[in-house]
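S.K.: Below are the sequence and a predicted model for it; my questions follow.
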Amino acid sequence: MMRSSSLPRPLFPTSSRAESRRIGEILRAETTGGVLLVAAAAIALLWANSPWADGYFALRDLKVGYQPWHLELTLGQWAADGLLAVFFFLVGLELKREFVAGDLRRFSTAIVPVVAALGGVAVPALVYVAVTSGAPGAASGWAIPTATDIAFAVAVLAIIGSNLPSALRIFLLTLAVVDDLVAIAIIAIFYTDTIDIVPLLLAVLAIAAYGVIAQRYRQFFDLRPSAAWLILLPIGFAAWALVHASGIHATIAGVLLGFTVPVLHRRAAHDEETGPGLAEVFEHRFRPLSSGFAVPVFAFFSAGVAIGGAEGWISALADPVVLGIMLGLIAGKPIGIALATWAITRVRRIDLDPSLRWIDIIGVGLLAGIGFTVSLLVAELSFDVADPHHDQAKVAILTASVGAALLASALLGVRNRRYRKRRTA
C-alpha cells in the first residue's frame, strides 16, 4: 500500500481568502485595462491605414525632451521607454509580492507555473528559429513570440469564462507573472548592446535611496498617498533617466524600483489590524494608471502599422519572420506550456486540481499566445524602424494575438458551458 507521504499532491493548492480576493481584484483591473488596450490598438491601426495616416506617423515621431540628458525622444519612444516603466513597476511589485507572501514563496507551488512559463518561452523561440533559419536579419527577433500579455488574456478570459474554475484563473495569472520575469531577463540580457558604467552606478544609488526611503517610512507612505508622488516619484524618475542613459532598457528601472518596495510590515508592527503591506498599497494606487493610461497609450503608438490593405497583409504572411512569430505564439505557446506542465507534474507526482482537465491547460496555453504589449516592445528592440521586418513583425503580433484569442475563446467557451451545466446540476 502506498504511504500517504508519496501520494500525488494537487497542482493548485487552495489559496487563502485574502489571496483569492487580491487575485480577483487584479483580474478585474486587468480586464478593464485589456478592453482599453484593444480599443487603443484598433484606433491606431485604423488611423495608420486611413487617408490621414501621415498625421498618425507625424504624431508618433514627434520629438520631445532634453537632448543633453539623452531624453530627446519621440512620443513613440516615450511611450515604450517611459510609460511602460509604470507597467513594469507593477510587474516588479507583483513579482516580489508573489515570491515573498504569495503562492510562489513555496517551492511546491512555484515549481509548476515556473516550469510551465519556461516551456512557454522556450518552445515559441525554437519554433521561430526553425522557421526563420536562413532568413537574412531575422535572428534578432527570436524573443518576440515568447511573451504573454496578461491584460489582453485576462480580458478574453473574463468575457468567455465566467464559469471556469478559479484554479484556472490563478494558474493563468501566476504563469503570466513568471512569464513577465523571463521577459524582463531577456530584455536586460539580450537587448543591451553597450553599457555606460557611470550612469549605471548613479542609477543603482538612486534605486537604493528609493528602497531605503520606502522601507524606512513605509507607514508614512501608506497613510499619506500624496507623499509617494512628492518624494518617491522624483527619485524614481531620476533612476529611470539614469538607467536609460546607461544603455539598459529603461523599463528595467521600473522593475528594480518595484523590487525595493516592502511587501510585509515590520515584525513589531505586524498584527491583524495592520492591513496590506506597502507593495499591495502601491499596487492598488498605481494599477489604474498602468492599465488605464500607460499601456493603452503605448499600444496606440506601437500598434499603428501601415498594412497596405488585404494584399499587403497576404504578402506579409510569406515573410519567414511573420510566420515564425505567428506559429510561435499560436502553436508554440500552448504546446510549450502543456508539455512543460505535463512533464513537471509527472516528475513531481502532482495532480491537477480536481475541477480541471488537461484541455483547460491547453486553453490557458492558447490565451498565453496573446503576446501583444511585451511582444510589441521586443519587436521595437529587435528591428530598427527602417528595417522592413519592424512593421512585418508587428503585423504578425497583431494577427497572432487575435488568432490566439479567437482559438482560446472557442475552446474555453465550450469548457465554460460545460462547467456551467455541471454547476447548475
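M.R.: Perfect, I can see it now. Numbering: from 1, shown residues only.

S.K.: for the longest helix seen in the chain, which positions count as buried?
M.R.: Looking across the chain with DSSP state H, the single longest helix is helix 388-424. Residues 389-401, 403-405, 407-409, 411-412, 415-416, 419 are the ones in helix 388-424 that count as buried (16 or more other Cβ atoms under 10 Å). Any C-beta I mention is one placed from the backbone N, CA and C, and that applies to glycine too.

S.K.: How about stretch 37-49?
M.R.: By neighbour count on 16+ other Cβ under 10 Å, the buried set for stretch 37-49 is 37, 38, 40, 41, 43, 44, 45, 47, 48, 49.

S.K.: Repeat that for stretch 83-94.
M.R.: For stretch 83-94, a neighbour-count test (16+ other Cβ under 10 Å) marks 83, 84, 85, 86, 87, 88, 89, 90, 91, 92, 93, 94 as buried.

S.K.: Wait, the second one touches residue 294, no?
M.R.: What that stands for is residue 84. Yes: counting by Cβ atoms under 8 Å, residue 84 does reach residue 294; the two are 6.6 Å apart.

S.K.: Quick one: the strands in the stretch 251-400 of the chain, in order.
M.R.: Ranges of strands in the stretch 251-400 of the chain, per DSSP state E, counting those that start in this stretch, are 350-351.

S.K.: er, the stretch 101-250 of the chain I mean
M.R.: Using DSSP E, counting those that start in this stretch, strands in the stretch 101-250 of the chain do not occur.

S.K.: Can you list the low-confidence ranges for this structure?
M.R.: Counting by pLDDT under 70, the ranges of the chain that qualify are 1-31, 103, 161-162, 265-276, 308-310, 312.

S.K.: do that again at 50, thanks
M.R.: 1-7, 14, 16, 268-273 (pLDDT under 50).

S.K.: before we move on, back to that, just checking, which of the buried residues of stretch 37-49 belong to helices?
M.R.: Among those, the ones falling in helices (DSSP H) are 37, 38, 40, 41, 43, 44, 45, 47, 48.

S.K.: Determine which two of the buried residues of stretch 83-94 are furthest apart.
M.R.: 83 and 94 (17.7 Å; Cβ to Cβ).

S.K.: just to revisit the earlier point, so which of the buried residues of stretch 83-94 sit within strands?
M.R.: In strands, judged by DSSP state E, none of the buried residues of stretch 83-94 are found.

S.K.: Any chance of the residues you listed in CSV with distance to residue 359 as columns?
M.R.: Supplementary listing: the buried residues of stretch 83-94 in CSV, determined by distance: Cβ to Cβ, whole Å:
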residue, distance to residue 359
83, 37
84, 34
85, 38
86, 36
87, 31
88, 33
89, 36
90, 31
91, 29
92, 34
93, 33
94, 28
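
S.K.: and which of those residues is nearest residue 241?
M.R.: Minimum distance to residue 241 across these is 10.4 Å, recorded for residue 85 (Cβ to Cβ).

S.K.: who's in contact with the residue nearest to that closest one when sequence neighbours are not counted?
M.R.: Spatially, and ignoring its direct neighbours in sequence, residue 85 is nearest to residue 254 (3.7 Å; Cβ to Cβ, 6 or more residues apart in numbering). Listed by Cβ atoms under 8 Å, 6 or more residues apart in numbering, the contact partners of residue 254 are 84, 85, 86, 87, 88, 89, 91, 92, 240.

S.K.: how about 6 Å then?
M.R.: When contacts are counted by Cβ atoms under 6 Å, 6 or more residues apart in numbering, residue 254 touches 85, 88, 89.

S.K.: how close does the closest residue to the last one other than its chain neighbours sit to residue 290?
M.R.: This means residue 89. For residue 89, the nearest residue in space outside its immediate sequence neighbours is residue 254; the separation is 3.9 Å by Cβ to Cβ, 6+ apart. Taking Cβ to Cβ, to the nearest Å as the measure, residue 254 and residue 290 are separated by 10 Å.

S.K.: now residue 224
M.R.: For residue 224, the distance to residue 290 equals 21 Å [Cβ to Cβ].
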